[in-house]
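Novice: Below is the sequence, then the predicted model.
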Amino acid sequence: MSGLLWVQKWGCLFILTGILFGLSACGSNEVDEEVTESDEEVELTTDLVFNNITLEQSDDQGALLWRMIADRATYSQDRQDAIIENPSGEIFQADDPPDQASFSVAAQEGEVRQNGERLFLKGDVIVTDEDTGAVIRGNEMRWIPEDNTIVLRGNVKANHPEFKMTAQRVIVWMDEDRVEIQGNVKAETTDASLLFNGEQVDWFLAEERFESDRPVRFQQRDGETVVGRAQGNQVTYDIGTQIATLTDDAVVASQDPPIRVSGDALTWNRDENTVAASERVTVFHRVEKVTLVADEGVGTLDNQVFVMNGNVVVTAERNRARLRSDDLTWTVPTQRVVAEGNVVYRQVDPIFNLTGPRAVGRLEDETIVVSGGRVVTEVIPDS
């Protein structure tokens, strides 16, 4: 690691203190008092204080790692450490264009340690990603060039053109263009239409994407009203497309219609207000008490239409009616179902089964018409 380079801007103040013995008058060859070996050794302490100074640190190849401007820098006796006041500057990466920084930083005070190999800032620290415009604030910051990481802690707040966020700690992995956000993470979009929280979230700056392998909960709002919720034990959220991929015990629920979609692989598109499932999925209407289960499906929450595919089973809790088919389309406002392929309809009162290629009707009032080829009716007498 190359040494620290300092550039004096306006002035340098040398503070020299010591105990000097045996000083003679100017031009005299005699001493007033002989100094013996038993006398106290001369103590010499020198501090360097620079005003309006620029500090730079480069690697062994001469590539600039960071540059800092400070109102004042006070160096230690061994010149390895320095305390800086009101620092502001830039942090660079190896692949950055010449004199173009990846991040800019500013704080109230800081410390340069180990001849520039450690940089600590504190007091209203501000870190700005120059590519995306994201701004992260905290009480303290640590920058270690050899790890290529920036760590912020204490009252951490992040602001992006699309959202704002709070957390306990943030690690910026500069090589990966990734921000690891830790501890009681809370975020919301700038229009406050979406809130989410979790314990740890990875934010990929260039790709504008969040990921987490821990539970994350979303809350969708219309003004002050909660209109929907979503969650998953593993989550990916694309800021640009507003698409969330929820896996492992995933749930998407809306207030109107009062529907809950659950499964292990859900894709929630906030912009189009749709939910798609690539694995076994359950759709439950909380008011009508109707449940749909299928191998996969997609639902449009605005139009309130669900298209289910593969081993579809529909049950109505109130009258215990049950319908099975290969595929099914459910229109929520009218409660109309259209089932296709290997249809089996079972009714409890009176008890009978209908089988056929196709069925249309409403489970709620037991008006199901099975048609489209050979239809078999099986009446089951009371036992």
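Specialist: Thanks, I have the structure now.
Novice: now do the same end-to-end measure for stretch 335-355.
Specialist: 21 Å (Cα to Cα, to the nearest Å).
Novice: I should have written stretch 220-230 there, sorry.
Specialist: 8 Å.
Novice: pLDDT score for the nearest residue to G133 once chain neighbours are set aside?
Specialist: Once flanking residues are discounted, G133 sits nearest to P161: 5.9 Å by Cβ to Cβ, 6 or more residues apart in numbering. The C-beta positions use only the backbone N, C-alpha and C, and glycine is treated the same way. Note for P161: predicted pLDDT of 87.
Novice: same deal with the one 3 residues further on?
Specialist: pLDDT, K164: 93.
Novice: swap in W6?
Specialist: Looking at W6, the pLDDT reads 49.
Novice: next one: A82
Specialist: So A82 comes in at 88 (pLDDT).
Novice: pretty sure it is in contact with E111, am I right?
Specialist: Yes - at 7.0 Å, A82 and E111 qualify as touching, with contact defined as Cβ atoms under 8 Å.
Novice: more crowded one of those two?
Specialist: A82 (25 against 16; other Cβ atoms under 10 Å).
Novice: Please report the distance of the more buried one from T74.
Specialist: 6 Å (Cβ to Cβ, to the nearest Å).
Novice: same check, this time on V369
Specialist: For V369, the distance to T74 (Cβ to Cβ) stands at 89 Å.
Novice: Ok, Q100 next?
Specialist: To T74, Q100 is 30 Å away according to Cβ to Cβ.
Novice: Let me know the next secondary structure element after the helix or strand harbouring T54.
Specialist: Secondary structure from DSSP states H and E places T54 in strand 44-58. Where DSSP H and E defines the elements, the next helix or strand beyond strand 44-58 is strand 64-75.
Novice: contacting residues for I144?
Specialist: 117-119 (Cβ atoms under 8 Å, 6 or more residues apart in numbering).
Novice: which of the residues you listed lies closest to E364?
Specialist: E364 lies nearest to L119 out of those, by Cβ to Cβ, at 67.5 Å.
Novice: quick one: R153 and G138 touch, right?
Specialist: Yes - under the criterion of Cβ under 8 Å, R153 makes contact with G138 at 5.9 Å.
Novice: one step back: okay, Q100 and T74: which has more neighbours?
Specialist: Shown here are Q100 and T74; by other Cβ under 10 Å, T74 has more neighbours (16 against 10).
Novice: so what's that one scoring on pLDDT?
Specialist: For T74, the pLDDT comes out at 91.
Novice: do W10 as well
Specialist: pLDDT, the model's per-residue confidence, is 37 for W10.
Novice: Equivalent analysis for S371, please.
Specialist: For S371, the predicted pLDDT is 78.
Novice: Skip the chain neighbours and tell me the closest residue to it.
Specialist: Of all residues not flanking S371 in the chain, R358 sits nearest, at 5.6 Å (Cβ to Cβ, 6+ apart).
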